[in-house]
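Trainee: Fold the following, please.
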Amino acid sequence: MPVRPLIFYPDARLHRAAEPVSANSESLTGESWRALAADVLDTLGAVSAMGLTAIHIGRPERVVVIRLQPDEPHAVYVDPVVAWSSPERAAHPEGSVSMPGVVEPVERPARVRVRYRDLDGAEHEEEAEGLRAACLQHEIDQLDGIFWIDRLTRLRRERVLKRYAKLRAQQARAGS
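Mentor: The predicted structure follows:
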């Protein structure tokens with residue numbers, strides 16, 4: 001499937017909640033969902049990301065593809081939700097393909113249980129910890145219209161925005 005263009009911060013679509021796949025008129029088992037998941041996967045590989053949502057390619061559906069390592073199989077999550085999270089917290093460096101070049105530690109629950117469906121409509125639950133838990137929470141936040149910098153303190157968010165603006169200015173000058 002084709003690699004799709006990404007949308008970039010501060011595009012307002014990054015702060016809009018995605019529609020559940022179940023709320024759409026198309027069948028979950030239809031080819032369009034497989035094609036969307038394939039487009040997200042191909043785009044994920046092209047931009048060397050660990051996780052990507054359909055929102056990142058401008059489609060407001062609740063579809064996530066995760067592949068933490070290039071040599072591991074990918075996982076597709078349709079309509080994922082965090083069903084449980086641990087009281088213990090852990091910080092992991094986070095960033096976004098929609099805001100390239102800036103990374104900042106984000107503290108989140110250390111373990112989660114995620115409920116989702118696969119592309120055949122079968123319901124699943126998955127428990128995750130460590131990097132996988134952080135990645136799932138990051139991508140589900142994106143589906144809920146919560147961009148990763150929204151999880152930072154105001155001061156840290158302002159610093160990230162300044163770094164990002166500086167990077168964009170440097171890139172604009174280099175491209176001139």
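Trainee: how about the strands in this protein?
Mentor: Assigned by DSSP state E, the chain shows strands spanning 51-53, 63-66, 75-85, 89-96, 99-109, 111-117, 123-129.
Trainee: Any chance of these in CSV with mean neighbour count, distance to Leu36 and mean pLDDT as columns?
Mentor: Where you see a C-beta, it was placed from the backbone N, CA and C, and this is true even at glycine. Listed next are those as CSV, based on neighbours: other CB atoms under 10 Å; distance: least, CB to CB, whole Å; pLDDT from 0 to 100:
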stretch, mean neighbour count, distance to Leu36, mean pLDDT
strand 51-53, 27, 11, 97
strand 63-66, 26, 6, 97
strand 75-85, 19, 10, 97
strand 89-96, 16, 20, 98
strand 99-109, 17, 23, 97
strand 111-117, 19, 14, 97
strand 123-129, 13, 18, 98
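Trainee: now those strands as TSV including distance to Arg157?
Mentor: Output for the strands of the chain, formatted as TSV (distance: least, CB to CB, whole Å):
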stretch	distance to Arg157
strand 51-53	20
strand 63-66	23
strand 75-85	22
strand 89-96	12
strand 99-109	9
strand 111-117	23
strand 123-129	26
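Trainee: Those strands: which one's closest to Cys135?
Mentor: When the strands of the chain are compared by CB to CB, strand 51-53 sits nearest Cys135, at 4.7 Å.
Trainee: Any chance you could list what contacts that closest one?
Mentor: For strand 51-53, contacts defined as CB atoms under 8 Å, 6 or more residues apart in numbering pick out 18, 40-41, 43-44, 62-67, 97, 135-136, 138-139, 142-143.
Trainee: do the same with stretch 164-176
Mentor: Contacts for stretch 164-176 (CB under 8 Å, 6+ apart): Tyr9, Met99, Pro100, Gly101, Val102.
Trainee: Now do the buried residues in the lengthiest helix in the chain.
Mentor: Ranked by residue count under DSSP state H, the longest helix found in the chain is helix 154-175. Buried residues in helix 154-175, counted by 16 or more other CB atoms under 10 Å: Arg157, Val160, Leu161, Tyr164.
Trainee: same deal with stretch 6-14?
Mentor: Quick answer for stretch 6-14 (16+ other CB under 10 Å): Leu6, Ile7, Tyr9, Leu14.
Trainee: Okay, and which of these map to helices?
Mentor: Per DSSP H, the subset of the buried residues of stretch 6-14 in helices is empty.
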